[in-house]
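Peer 1: give me coordinates for this.
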Amino acid sequence: MTQRRAFNRWNLTTGGLWLLALVLAGWTLRQLPLNSITHQLEQLSWHNWLLWTLVNGGILYMAVKRWQLLGQALQAPLSLIRLFRMRQAGSAVSFLTPGPHFGGEPLQLLWLTRVFAQPLHRAVAMLGLDRFVETATNIAVLLAGVLLLLGTSMVPLDDGLQVAAILGGVLVALFVAAALVVYHPLWLANRLRPLVQRWRSDSAEADANQESGWQALVRLMQGALAMHRGRLAAALLLSLLGWVALVAELWLLLHFLGLSPSLTDLLTIMVGMRLAMLLPVPGGIGTIEASLLWSFQLLGLPVSAALGLIALTRLRDALVLLVGLGCLYSFHRPRLAGKTASAE
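Peer 2: The predicted model follows:
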């Protein structure tokens, strides 16, 4: 009963956030000239669509390749296709839950252990390291963007310093947590004793060494840092290149819409969008639209171009979501087939 109540409460919270997101998106769209959306999209040729598709394909590839490199460093050499399925399926769940960055990790952990037969400690390390690299890179790049904008007159000094302080605090907390796991595991285990005691050995190798799941995870992480620094550095480089590709995609879309943005314009729009995505709203619906409207008005850019950018961005999100839902179904389909066979 307790779990059911918690689940119902989570559903109500998620539903309320979705309703808030849709109301905010509707209010934002009402401020824009909707009749210009068809004209904006008609300006794109098939060359534009093809180039945009290739850029987004490159972004997805770099994210999956980063995860593969981290998995290889942690002795989990999974193929790109398997990792792509897991990543996009988890991303689809994350998009539909509060906050578009997290939410699908429990399912990804389940698939790693049950579908791909990875020990629990390795699955946790593989998933946790990938999320750490991605989150730390995102926060670091956003912090750099805010600091660069503070040198201009685009961002008020007080607001910019507050945002920079928050981002800097989160980044420091991430690295402190990582350092505790790798370099001071016993101290951290003593502070988390009830959780560590419940985490029992999850592999035959760990059983033979009388090693707990926590100890196995720490040894695995320490081994990766000692023996596979090249792969870890390559994964970090891919994460940074992913951001370069995101900025290039934004420049490309603005160019498609007839704009020639400066570097400051790109930074302002990108930082505004990414900060909006950190808010606990499913898919950033409403918050991204509001941030684009604010950025374009601040920069003196045509509001009609903001509408075109919103339309193109949400079109991309919808297509990626459909791919993710297809990947999610591919994991769920064997269970459905098994239930049907048992019923027959």
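
Peer 1: show me where pLDDT drops low in this protein?
Peer 2: 1-40, 98-101, 193-212, 333-344 (pLDDT under 70).

Peer 1: what about 80?
Peer 2: The model of the chain has pLDDT under 80 over residues 1-43, 96-103, 151-159, 188-214, 279-286, 332-344.

Peer 1: so how far is the helix ranked longest in the chain from its chain's centroid?
Peer 2: The residue-count maximum for a helix in the chain (DSSP state H) belongs to helix 303-343. For helix 303-343, the separation from the chain centroid amounts to 15 Å (computed by CA atoms, centre = their mean, to the nearest Å).

Peer 1: packing partners of that helix?
Peer 2: When contacts are defined as 3 or more CB pairs under 8 Å, 6 or more residues apart in numbering; DSSP states H and E, helix 303-343 sits against helix 37-42, helix 46-73, helix 80-96, helix 229-256, helix 287-299. For glycine as for every other residue, the C-beta is placed from the backbone atoms N, C-alpha and C.

Peer 1: which element follows the fourth one toward the C-terminus?
Peer 2: If you walk from helix 229-256 toward the C-terminus, the next helix or strand you reach (DSSP states H and E) is helix 263-277.

Peer 1: any idea which element Val155 lies in?
Peer 2: Judged by DSSP H and E, Val155 forms part of no helix or strand.

Peer 1: er, Gln162 I mean
Peer 2: Secondary structure assigned from DSSP H and E places Gln162 in helix 157-183.

Peer 1: which ones are touching the closest residue in space to Leu232 that isn't next to it in sequence?
Peer 2: Computed as CB to CB, 6 or more residues apart in numbering, the closest residue to Leu232 that is not its neighbour in sequence is Ala73, at 5.8 Å. With contacts taken as CB atoms under 8 Å, 6 or more residues apart in numbering, Ala73 has the following neighbours: 224, 227-228, 231-232, 235.

Peer 1: any idea which of those residues is closest to Tyr61?
Peer 2: Distance ranking of the contacts of Ala73 against Tyr61, using CB to CB, places Ala235 first at 13.4 Å.

Peer 1: so how far is Ala311 from that closest one?
Peer 2: Ala235 sits at a distance of 34 Å from Ala311 (criterion: CB to CB, to the nearest Å).

Peer 1: and Val182, how far from Met221?
Peer 2: Per CB to CB, Val182 is found 5 Å from Met221.

Peer 1: and these two? which has more neighbours close in?
Peer 2: Met221 (21 against 14; other CB atoms under 10 Å).

Peer 1: list the buried residues in the strand or helix carrying the more buried one.
Peer 2: Using DSSP H and E, Met221 falls within helix 213-227. The neighbour-count check on helix 213-227 (16 or more other CB atoms under 10 Å) flags 213-221, 224 as buried.

Peer 1: what about Arg191, neighbour count?
Peer 2: For Arg191, the number of neighbouring residues by other CB under 10 Å comes to 11.
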